[in-house]
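Kindly generate the corresponding structure for this input.
(6 chains)
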There are 4 protein chains.
Amino acid sequence: MDPKARRGRPRSGEADARIIDAALELLLERGYDRFSVDEVAAKAEVAKTTLYRRWSTKDHLIVAVVARMQDEVPVEYSGDVRADLTRYLNAIAAGLHRMGQAGRPTASGDTSAGLVAEVAAAAARHADIGAAVHAMFVRRNALVLRLLEQAREHGEIGPGVEPEVLFDQLAGAIYYRLLITGRPIDAAYVDRLVAGALGGSAA
Amino acid sequence: MDPKARRGRPRSGEADARIIDAALELLLERGYDRFSVDEVAAKAEVAKTTLYRRWSTKDHLIVAVVARMQDEVPVEYSGDVRADLTRYLNAIAAGLHRMGQAGRPTASGDTSAGLVAEVAAAAARHADIGAAVHAMFVRRNALVLRLLEQAREHGEIGPGVEPEVLFDQLAGAIYYRLLITGRPIDAAYVDRLVAGALGGSAA
Amino acid sequence: MDPKARRGRPRSGEADARIIDAALELLLERGYDRFSVDEVAAKAEVAKTTLYRRWSTKDHLIVAVVARMQDEVPVEYSGDVRADLTRYLNAIAAGLHRMGQAGRPTASGDTSAGLVAEVAAAAARHADIGAAVHAMFVRRNALVLRLLEQAREHGEIGPGVEPEVLFDQLAGAIYYRLLITGRPIDAAYVDRLVAGALGGSAA
Amino acid sequence: MDPKARRGRPRSGEADARIIDAALELLLERGYDRFSVDEVAAKAEVAKTTLYRRWSTKDHLIVAVVARMQDEVPVEYSGDVRADLTRYLNAIAAGLHRMGQAGRPTASGDTSAGLVAEVAAAAARHADIGAAVHAMFVRRNALVLRLLEQAREHGEIGPGVEPEVLFDQLAGAIYYRLLITGRPIDAAYVDRLVAGALGGSAA
DNA sequence: CGTTAACCGAGACGGTACGTCTGGTCTTTAA
DNA sequence: TTAAAGACCAGACGTACCGTCTCGGTTAACG
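Just a heads-up that it's a prediction; the model follows:
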């Protein structure tokens, strides 16, 4: 009856978990290069085939791990966009910083461009990874975009402002510093950034 | 006598050129991965030793190539920041798009995140590349920052606006789309972006 | 009552046949290596479990297949040993030749050492296969040995000749050429061989 | 001047030796299967590339090792073919027996069919190995064939006897027992064999 | 007629070796 | 000293295949 009746031995959910756990640990300990699939399999006590059946490529595996590192940042409109955005951007920066611990002490400041850049590169290498990564960010950003809509309805931001563009400017600035110019991203910068984007630093 | 008197056979300047040419060609043809140092050496008809004497790493070589791909965008204050910025950002987008041809047809729209992301990753891997890349962008951006200063003096933009932050927002939005969300970057978007950043879309 | 009373579902005889058929076909088509158990199972539309329940090893399966390829060569003493032996050896050579089609065109002439050698190797790897293979040949050769006995009784061959040794010489020469030196085995050679073993080429 | 002037770093002869030594040791210790190229490389303290540059396949490597195991059996006509052949065949049998130690205790008697069969199989798998193996035996057998010629000239064997066929019978019988029937090959058998082939056991 | 034992198809799993690829270093001979 | 050529080390990659295990489900014979 059920067209999707499963046949054959089902995949071991435990294996999934053990692999991702091992991969995460190794990624943090070693960084992207010096991270080897063989080693993950060994650490997870899983055959390489089992791993490759799930993630067909080192890149796919790493993206899965990074996706799991993403933490949910609760976003709720409080009536004060400026505060909300500041909080949110600081959370993102903190997340990036935490990822930054991966591998050797990074050159640029103290956050890790490395892992983010590698994921971006992987997204460009494999179409499917690109789709997954983009979808991940779309989902993540959707909440903030809604928040911005609400703020506009409440008159906190002008009717001419496009939430999407505004958000690109904010998040973009952070990633730009992280990946391209390597300038530091601290709370003070986030404040200046939000102020710059929302207009007058006062009020 | 002369402490830095050179002895032995002098380095062939022609080799430098042949290597970079071959590397560029291969990079465009293949993309970052599938780009191999051996192949560059073979194509340039140069020994690997000769190549490594000049660029100590695949990453170093690629950064050198990418640096050469960067074209000088003339930036001059015309009295109309909006127009100047729009022109500049479109030039950047065009440059990225041109790079985008490298390798297989990329997933995300038609510009290539790949190469840019790889360079960012390389910058994170090697401190010296990081320094070089960041310096490159500082130099490139300095002109625009001066332009923004001039615009502020002319009253085109408010005294509270920080040029650095403003520029991060603009360039950042573009790179964010390119690398992270994969959304398209066209002239219309640049217009909306500049409008958003400089205030009212009108005027 | 019956100690070997079978319970449960009986084995499918049809499965046996389908497996052997598929295996044979694949063996001829591909040769020993490039012959994979998975593929046999797939082709026979049978689960691997079903296959392994019958033949515990790739080697066991192949030996079973090869055993089935062996054809019964009728051996009857006609009163002329020379003719009988010639006929028999030619039949063996033809059989080997037929097997020889298995896999890629072999290097050595046109008969296939490959499969025979693999079976010999399998016989060395697993004691039980060794026993089976040796038994198979003992059975096959018994008829010829009896024929030689009869010939001796009839005075066609001297009383000092040991049938076993004589047969080793004849069959041995053929297999030696097949497996070791790769020289061709044709009717002319068989004639020379029999002549050499039975004494004068004349008569 | 010299058209075949070698350029580039020459191959390390020491590496060759270390690889073959390690392979030989491992082969004797483990047998054909359970013999792994990786392990050879590790034991020889050589990169896998270095190994594969010389022997493109596990089979090629093993054949090279086996070729080195072959020992030169001095063959000189003493005026007594029977004695000469007996000595030679016993030497061959001893050699096979020595090889037989390779790997697990073999099933069939006490000599190892295994390795010989595997080499024969390899010869069938790869045309080049086939050629090499056949050439090896041709070279080895040439001496004995000349001995037989001399014996014929001396009238020890009849003019109608073809040395090639005679030798096939002798060597063939031994390999046939080794590989196919698994019957033992001892000095007594060799005596019977020679007697059978050269005519009357007497004289 | 239900229980039960052995089967069947499907496919995941552990294990392990293979041969390939690539980055960077080292060793030659020639200029 | 540099150049060209190519061997060298190191080590990861992804694939292949064997033989085992785990599912859901089927098919006799037994009780």
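
got the CA coordinates for the helix or strand that contains residue A:122 in CSV?
With elements taken from DSSP states H and E, the one containing residue A:122 is helix A:113-125. The C-alpha coordinates for helix A:113-125 follow below in CSV (Å, rounded to 0.1, in the frame of the first residue of the first chain):
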residue,chain,number,x,y,z
ALA,A,113,37.5,33.3,8.3
GLY,A,114,38.8,29.9,7.4
LEU,A,115,35.9,27.7,7.9
VAL,A,116,33.3,30.1,6.6
ALA,A,117,35.4,30.6,3.5
GLU,A,118,35.8,26.9,3.0
VAL,A,119,32.1,26.4,3.2
ALA,A,120,31.5,29.2,0.7
ALA,A,121,34.1,27.6,-1.6
ALA,A,122,32.4,24.2,-1.2
ALA,A,123,29.1,25.8,-2.1
ALA,A,124,30.7,27.0,-5.3
ARG,A,125,32.2,23.7,-6.1
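
now for that helix, which elements pack on it?
If you count contacts as 3 or more C-beta pairs under 8 Å, 6 or more residues apart in numbering or on different chains; DSSP states H and E, helix A:113-125 packs onto helix A:58-69, helix A:81-99, helix A:127-153, helix B:113-125. Where you see a C-beta, it was placed from the backbone N, CA and C, and this is true even at glycine.

Please tabulate the ones you listed in TSV, including the columns mean neighbour count.
Conversion of the helices and strands packed on helix A:113-125 to TSV gives the following (neighbours: other C-beta atoms under 10 Å in any protein chain shown):
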stretch	mean neighbour count
helix A:58-69	19
helix A:81-99	18
helix A:127-153	17
helix B:113-125	27
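
Would you confirm that residue A:118 contacts residue A:65?
No: using C-beta atoms under 8 Å, residue A:118 is not in contact with residue A:65; the gap is 11.3 Å.

And the helices and strands packed on helix A:113-125: which comes nearest residue C:197?
For those, proximity to residue C:197 was assessed by C-beta to C-beta; helix A:58-69 is nearest, at 64.3 Å.

what does that closest one contact?
A:19-20, A:23-24, A:27, A:32, A:35, A:37, A:40, A:51, A:55, A:95, A:98-99, A:115, A:118-119, A:122-123, A:125-126, A:128-129, A:132-133, A:136 (C-beta atoms under 8 Å, 6 or more residues apart in numbering or on different chains).

go on, stretch A:9-19?
Residues outside stretch A:9-19 that contact it (C-beta under 8 Å, 6+ apart) are A:40, A:41, A:44, A:45, A:46, A:50, A:51, A:53, A:54, A:55, A:61.

hmm, that stretch touching DNA strand F?
Yes: applying C-beta under 7 Å from any atom of the strand, one finds stretch A:9-19 touching DNA strand F at A:9, A:10.

That stretch - what's its average pLDDT?
Stretch A:9-19 comes out with an average pLDDT of 94.

Any idea how far that stretch is from the middle of the chain?
24 Å (C-alpha atoms, centre = their mean, to the nearest Å).

Now do the buried residues in it.
Using 16 or more other C-beta atoms under 10 Å in any protein chain shown as the test for burial, stretch A:9-19 gives A:15, A:16, A:18, A:19.

Same list (these) but as CSV, adding secondary structure.
As requested, the buried residues of stretch A:9-19 are exported to CSV (DSSP: H, G, I helix; E, B strand; the rest coil):
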residue, secondary structure
A:15, helix
A:16, helix
A:18, helix
A:19, helix
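
give me the subset of those touching DNA strand E.
Contacts with DNA strand E within the buried residues of stretch A:9-19, as defined by C-beta under 7 Å from any atom of the strand: residue A:15.

wait, which of the buried residues of stretch A:9-19 is closest to residue A:167?
Nearest member of those to residue A:167, counting by C-beta to C-beta, is residue A:16, at 32.9 Å.

what's the pLDDT at residue A:3?
In this prediction, residue A:3 carries a pLDDT score of 46.

What of residue A:163?
On pLDDT, residue A:163 comes in at 90.

One more: the one 4 residues further on?
Reported pLDDT at residue A:167 in the predicted model: 95.

cool, the one 10 residues further on as well?
For residue A:177, the pLDDT comes out at 94.

Can you report phi and psi for it?
phi -60, psi -40 (degrees, to the nearest 10).

shouldn't it be in contact with residue A:190?
No: judged on C-beta under 8 Å, residue A:177 makes no contact with residue A:190 at a distance of 10.7 Å.

burial count for residue A:35?
Other residues lying near residue A:35 total 21 when counted by other C-beta atoms under 10 Å in any protein chain shown.

Does it belong to a helix, a strand or coil?
coil.

doesn't residue A:28 make contact with it?
No: counting by C-beta under 8 Å, residue A:35 stays clear of residue A:28, with 9.7 Å between them.

got any residues that touch both of those two?
Counting by C-beta under 8 Å, 6+ apart, no residue touches both residue A:35 and residue A:28.

Distance of the residue nearest in space to the middle of chain A relative to residue A:177?
Centrality entry for chain A: nearest residue to the mean C-alpha point is residue A:70, 5.1 Å, by C-alpha atoms, centre = their mean. According to C-beta to C-beta, to the nearest Å, residue A:70 stands 20 Å off from residue A:177.

same deal with residue A:143?
For residue A:143, the distance to residue A:177 - C-beta to C-beta - is 23 Å.

So for stretch A:128-139, mean pLDDT?
91.

Would you tell me whether that stretch gets close to DNA strand F?
No: between stretch A:128-139 and DNA strand F, judged by C-beta under 7 Å from any atom of the strand, nothing touches; the nearest distance is 11.8 Å.

and if you look at stretch A:22-37?
Yes: judged by C-beta under 7 Å from any atom of the strand, stretch A:22-37 comes into contact with DNA strand F through A:35, A:36, A:37.

ok, residues contacting that stretch?
By C-beta under 8 Å, 6+ apart, stretch A:22-37 touches A:39-40, A:43-44, A:48, A:51-52, A:58, A:61-62, A:64-65, A:68-69, A:101-104, A:114-115, A:118, B:121, B:125.

which regions of chain A sit below the pLDDT cut-off?
Low-confidence segments of chain A (pLDDT under 70): A:1-6, A:100-112, A:200-203.

Check it for the residue nearest DNA strand E and tell me.
residue A:8 (2.2 Å; C-beta to the nearest atom of the strand).

Could you look up the SS state of that residue?
Recorded secondary structure, residue A:8: coil (three-state DSSP).
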